[in-house]
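Undergrad: Okay, here's the prediction I keep looking at, along with the sequence it came from:
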Amino acid sequence: MTDWSRLHHAYGTAEDVPGLLDAVGPDAQDPGWNKLWSRLCHQGTVYSASYAALPALTEMAREWSAVDRRMPLYLAGSIVASTDQPYGDEDPQETYASQISDLAQLTEEALQDQGLTNDPTNYIDLLGTLLSFQDVEVWGEQFDGLNDEEYEVPCPSCSAQNFIVFGKYGFFSTTDSMYMEPTTRARQVPLRPQAPAALEGLAQRLYSRALADGQPDIARKLTYVFGNAQCAECDAIFCVEEAVVAQWG
């Protein structure tokens, strides 16, 4: 039996967490999710109560349908992926290995639900959540950059902040944060996507999966995320993946 009074979340003692877990429903708009998220994964920071909530989140995901289980999966994935642990260094992959294995399987099931993954945003969020449960460093937390269609990273050579843009605004690097404005005159340097046949490791796995899951647009974006960019300030060529990992690793 968990003694929640001995655990803490972002606002203090975690005695209120069991009640919040019992009361929350599958609706993503349920205000209970905001309360849980702000306590258990506040701005990406996790606490002793965060990990203790994983069994309850696992049980919710198991009991709810593939469509309804998104919220417990997303919260559990964010907790597991977080490296911001100012109050301890517990490794949930060891302490909660059984729950994380179940959560990974439940996420896989959700990824097979076409009614859910017809929305590319849901697909990206679920795939990023799966990476969290699979203990893939950095990308569990940062895969949602594919939804934003950009990553902001410093140039490895001159440290200038570059926006790596891949989506409706084009495929380029720029140092202008307002690149989406039609009046911008900032320099935009075309990205250099990786050829699909040259993808390896995680990049190849994600690319092949996206194609197999009927997500060709996401697969195309991945060739840019795992390709190269040219700094819009100093013209140095750098690997986008390495810059993302260096920024958040």
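TA: Done, it's in.
Undergrad: packing partners for the longest strand seen in the chain?
TA: Identified as the longest strand of the chain according to DSSP state E is strand 161-167. Counting contacts by 3 or more Cβ pairs under 8 Å, 6 or more residues apart in numbering; DSSP states H and E, strand 161-167 packs against strand 150-154, strand 170-174, helix 216-225, helix 240-248. Heads up, the C-betas are built off the backbone N, CA and C, glycines and all.
Undergrad: hmm, 7 Å instead?
TA: strand 150-154, strand 170-174, helix 216-225 (3 or more Cβ pairs under 7 Å, 6 or more residues apart in numbering; DSSP states H and E).
Undergrad: so which of those is the most packed in?
TA: Of the helices and strands packed on strand 161-167, the one with the most neighbours on average (mean count of other Cβ atoms under 10 Å) is strand 170-174, at a mean of 21.
Undergrad: per-domain residue ranges of the chain.
TA: 4-137, 145-248 (automatic domain parsing).
Undergrad: Give me the secondary structure label for residue 214.
TA: Of the three states, residue 214 takes coil according to DSSP: H, G, I helix; E, B strand; the rest coil.
Undergrad: Measure how buried it is and give me the count.
TA: 12 (other Cβ atoms under 10 Å).
Undergrad: what comes into contact with the helix-or-strand element of the chain with minimal mean pLDDT?
TA: Lowest on mean pLDDT, DSSP states H and E among the helices and strands of the chain sits helix 114-117, with a mean of 79. Here helix 114-117 makes contact (Cβ atoms under 7 Å, 6 or more residues apart in numbering) with 66-67, 110-111, 122-123, 126, 213.
Undergrad: Mark which of these are buried, thanks.
TA: Buried subset of those (neighbour count, 16 or more other Cβ atoms under 10 Å): 66, 110-111, 122-123, 126, 213.
Undergrad: Give me the spatial nearest neighbour of the spatially most central residue of the chain, chain neighbours excluded.
TA: What sits nearest the mean C-alpha location of the chain, by Cα atoms, centre = their mean, is residue 141, with 3.5 Å. Nearest residue to residue 141, sequence neighbours excluded (Cβ to Cβ, 6 or more residues apart in numbering): residue 81, at 4.6 Å.
Undergrad: Roughly how far does the one you found sit from residue 211?
TA: 25 Å (Cβ to Cβ, to the nearest Å).
Undergrad: Next: residue 79.
TA: 30 Å.
Undergrad: ok, the two, which is more surrounded?
TA: More crowded of residue 79 and residue 211, by other Cβ under 10 Å: residue 79, with 23 against 15.
Undergrad: Could you check how far the more buried one is from residue 55?
TA: 12 Å.
Undergrad: can you check residue 164 too?
TA: Applying Cβ to Cβ, the value for residue 164 to residue 55 is 38 Å.
Undergrad: Compare these two (neighbour count), which wins?
TA: Neighbour totals were compared for residue 164 and residue 55, and residue 164 leads with 23 against 16 (other Cβ under 10 Å).
Undergrad: Where do the strands of the chain begin and end?
TA: Counting by DSSP E, the strands of the chain are 8-9, 12-13, 150-154, 161-167, 170-174, 189-190, 228-230, 237-239.
Undergrad: I am finished for the moment; much appreciated.
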